[in-house]
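>>> Below: sequence and its predicted model.
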Number of protein chains: 2
Amino acid sequence: MNTKIEEIEAVLQKFYQLNQIPSHLADATTYSLMAGGKRIRPILFLNMLEAFGLQLSEAHFEVAATIEMIHTGSLIHDDLPAMDNDDYRRGKLTNHKKFDEATAILAGDALFLDPYYLLSNVALPAEIVVLLVKELAFASGSNGMVAGQILDMDGEGKSLQLAQIEAIHRLKTGRMLTFPFVASGLIAGKSVQEIEQLRKIGQKLGLAFQVRDDILDVTATFEEMGKTPGKDLLEEKSTYVAFLGLEGAKNQLSQLMSEVKSELSGLTNINLDYIYPFIEKLEL
Amino acid sequence: MNTKIEEIEAVLQKFYQLNQIPSHLADATTYSLMAGGKRIRPILFLNMLEAFGLQLSEAHFEVAATIEMIHTGSLIHDDLPAMDNDDYRRGKLTNHKKFDEATAILAGDALFLDPYYLLSNVALPAEIVVLLVKELAFASGSNGMVAGQILDMDGEGKSLQLAQIEAIHRLKTGRMLTFPFVASGLIAGKSVQEIEQLRKIGQKLGLAFQVRDDILDVTATFEEMGKTPGKDLLEEKSTYVAFLGLEGAKNQLSQLMSEVKSELSGLTNINLDYIYPFIEKLEL
C-alpha cells in the first residue's frame, strides 16, 4: 500500500506527465514539486479528513495536491534573485539555479494556475468544488499568502511591533495552513460554525509554524534545514526570536501547540488519533 | 450609462480596494490593470453573451474581469528583465520599472490567483462556475498560455517551421482568446457540439491576433503600439512576417478573419450585429 506522500506525489507527477505540457515546463515544475517537500499541508488535510471519519479517495488526494502546487510555486518565486535570492532549498539547487530565472518565473506561474484546473476536475459535488476554489484562492492570493509576502518584504530592515509580525505571518504562512482545516470541514459537511472554528485552529497552527521556523533559523544546521540557516538574522528580519528571544519563542510555540490540540479536541465527531501524532511531530 | 470598459474597470478597481489587501500590492496590481488595456478579451466575452441574447449582469462583468486579471498578470511577468526585459507597455513604464522586480513578481502572482476568488463568488450556478474555472485554468496554465510562453522562449534564436510557430501561438495567445467564446457558450447554455465549435472559432481568432501583432511589430510606431516596435525583428524571433513576408502575413490575416466571421454566422441563435463590428475593428 502506498503512503499518503506517495499518493500525493503520484497525483503531482501524473499531472505534469500529461501529453500537452511542454517538457521544459514539466521538468521545471516537477523538479521543485519532487524536491523533497515534507507535504505538511496536504497531509494535514488528509489526516483531518480521516479524523472526520472519511475514507480517502482519489478526489481527496487531488485536492491535497493542489495545496502543494501553490505552496511550491510560492517557494520558487520566493527564491528568485529579486526576492530572497536563495541558491538552495531543501538541500537542492533552487529552481532558477537549476534552470534559469525565466523558467523559474513561468514554473511558479504554472503552479499557481494549474491547481485550479486539477480542482475543477475532482469528483466532488460542484457546490463543494466552488467553495474549495474560493478558499484556496483566498488563502493564496491578495487576501492571503501573496499579501503576506509583500508585507514581509516591506517590513525588511524596519523594526516592527509583534502585532505587525503576527499580521504578516497570519497572511503569509497562516492562510495556506488554514486551508487544509477549512477544506476538510467543507468536504466532511461540517456546520458553518465548526468551519469557522477550524479556520481559527488553522490560523493558530500557522502562527506556531512561523515561530518554529524562526527558531530553526537560529538553531538548525544547513543539513537539518536544507537551506542556509541564520539568513533571517543576517538580513535583520523581524522574527519571533528577535522579538521574544530564543527561550521566549520556544515557550510561545509550546503554548500555541497546546491550544491547537485543545481546540481540536472540542470539535464534534473527531478521532484525534488521526491528527494529534502528526501535529506533535511538528513540535521541536 | 457606463460603457462595458467602464463596468469591467469598476469590477477590477473594486476588487483591489477591498480592505484587507495591502496598499503596496493593491497599487501595483491596479497600476497595470488600469494601464490602458483595450479589454479585447473581456469585451469579446460580453459581446458574445449579447450575441446569444443574454442581458448582461454583474456576474458577467465579474467573469469578464477575471480574464483581464490573468492577461495583465502575464504581461507583468513577460516584461520582467529575465523575460522580455521591456521598460514600456502601452506607453507607460512596465510594472517592475514603476515599482521594482519583487513587487512585479508578486503583483503578477496575485493576478493569477485572485481571479479564481472572484470567479468562485459570481452569481451563477455552481456547475457553470466549475466549468468556467476549468476553462480559465486550461487557457492560462500548463495547458495554455504559460506553456506557449515557455515554447516561445525556447524557440528564440532558432529557425522554426510555420507549424511550430502556430503551435506556440495556439497556446500562448490562442487559449486566452478562446476562453471568451467557450465561456459565453457555457453561460448561454449552448450544446457541447456548439461549444467545441466556439472553441475552434476562438483558436482561429487567436491565430489572427498573433499574425496581426507580428505585422504591427514592423509597421507601427511607438505611439501606435505603446511599446518599442521592431523588437521581434531585432531579437530574431520567428514571426509570421519573418516567415510569410509582410504581404503574405496581411493576406493570412484577412483569410483568418473572414473564416472567423463565416464560422460565427453558422452558429444557432446568434445576433451577429453584436460581434461582427468588434471583430472588424481588429482587422488592419
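Ah, there it is. All figures in this text were calculated on a predicted structure; none of them were measured in a lab.

>>> hmm, the longest helix along chain A touching chain B?
Identified as the longest helix of chain A according to DSSP state H is helix A:192-219. No. Using CB under 8 Å from any CB of the partner chain, helix A:192-219 stays clear of chain B, with a minimum separation of 13.8 Å. C-beta coordinates here come from the backbone N, C-alpha and C atoms, glycine included.

>>> pLDDT averaged over that helix, what's the number?
Regarding helix A:192-219, the rounded mean pLDDT is 93.

>>> Contact partners for the residue nearest to A:I275 when sequence neighbours are not counted?
Excluding the flanking residues, the one nearest A:I275 by CB to CB, 6 or more residues apart in numbering or on different chains is A:A51, at 4.7 Å. When contacts are counted by CB atoms under 8 Å, 6 or more residues apart in numbering or on different chains, A:A51 is found next to A:184, A:270-275.

>>> which other helices and strands contact the host helix or strand of A:L244?
Per DSSP states H and E, A:L244 falls inside helix A:240-265. Helices and strands touching helix A:240-265, by 3 or more CB pairs under 8 Å, 6 or more residues apart in numbering or on different chains; DSSP states H and E, are helix A:162-169, helix A:192-219, helix A:231-234, helix A:276-281.

>>> what ranges of chain A fall below the confidence cut-off?
A:1, A:221-237 (pLDDT under 70).

>>> Helix, strand or coil: sort out whatever residue of the stretch 151-284 of chain A ends up closest to chain B for me.
Residue of the stretch 151-284 of chain A nearest chain B, by CB to the nearest CB: A:L151 (5.3 Å). What DSSP: H, G, I helix; E, B strand; the rest coil gives for A:L151 is helix.

>>> before we move on, what SS does A:N85 have?
coil.

>>> count of residues packed around the residue lying closest to it once chain neighbours are set aside?
Spatial nearest neighbour of A:N85, excluding adjacent residues (CB to CB, 6+ apart): A:D79 at 7.5 Å. With neighbours defined by other CB atoms under 10 Å in any protein chain shown, the count for A:D79 comes to 23.

>>> try the one 3 residues further on
Using other CB under 10 Å, A:A82 is surrounded by 20 other residues.

>>> That one reaches B:E101, doesn't it?
Yes. Counting by CB atoms under 8 Å, B:E101 is a contact partner of A:A82 at 3.5 Å.

>>> what sits against A:S23?
By CB under 8 Å, 6+ apart, A:S23 has no neighbours at all.

>>> make it 10 Å
Going by CB atoms under 10 Å, 6 or more residues apart in numbering or on different chains, A:S23 touches A:16, A:30, B:150, B:154.

>>> Ok, A:K281 next?
Listed by CB under 10 Å, 6+ apart, the contact partners of A:K281 are A:38, A:40.

>>> Not counting sequence-adjacent ones, nearest residue to A:D78?
Distances taken as CB to CB, 6+ apart place A:D84 nearest to A:D78, at 5.3 Å, with adjacent residues excluded.

>>> Not counting sequence-adjacent ones, nearest residue to A:E259?
A:K204 (5.9 Å).

>>> Run a quick neighbour tally on the one you found.
Neighbourhood size, A:K204 [other CB under 10 Å]: 21.

>>> contacting residues for the residue nearest to A:N85?
With CB under 10 Å, 6+ apart, A:D79 has these contacts: A:32, A:85-89, A:93-97, A:104, A:108, A:227.

>>> about what we covered before: in the longest helix of chain A, which residues are buried?
Neighbour-count burial for helix A:192-219, counted by 16 or more other CB atoms under 10 Å in any protein chain shown, picks out A:194-195, A:197-199, A:201-215, A:217, A:219.

>>> Can you spell out which helices and strands pack onto that helix?
Contacts defined by 3 or more CB pairs under 10 Å, 6 or more residues apart in numbering or on different chains; DSSP states H and E place helix A:192-219 against helix A:40-51, helix A:126-140, helix A:162-169, helix A:175-187, helix A:222-225, helix A:231-234, helix A:240-265.

>>> between it and helix A:40-51, how big is the angle?
With axes from the mean of the first three to the mean of the last three CA atoms, to 10 degrees as the basis, helix A:192-219 and helix A:40-51 are set at 140 degrees to each other.

>>> Helix A:192-219: how far from the chain's middle?
Centroid displacement of helix A:192-219 relative to its chain, using CA atoms, centre = their mean, to the nearest Å, is 11 Å.
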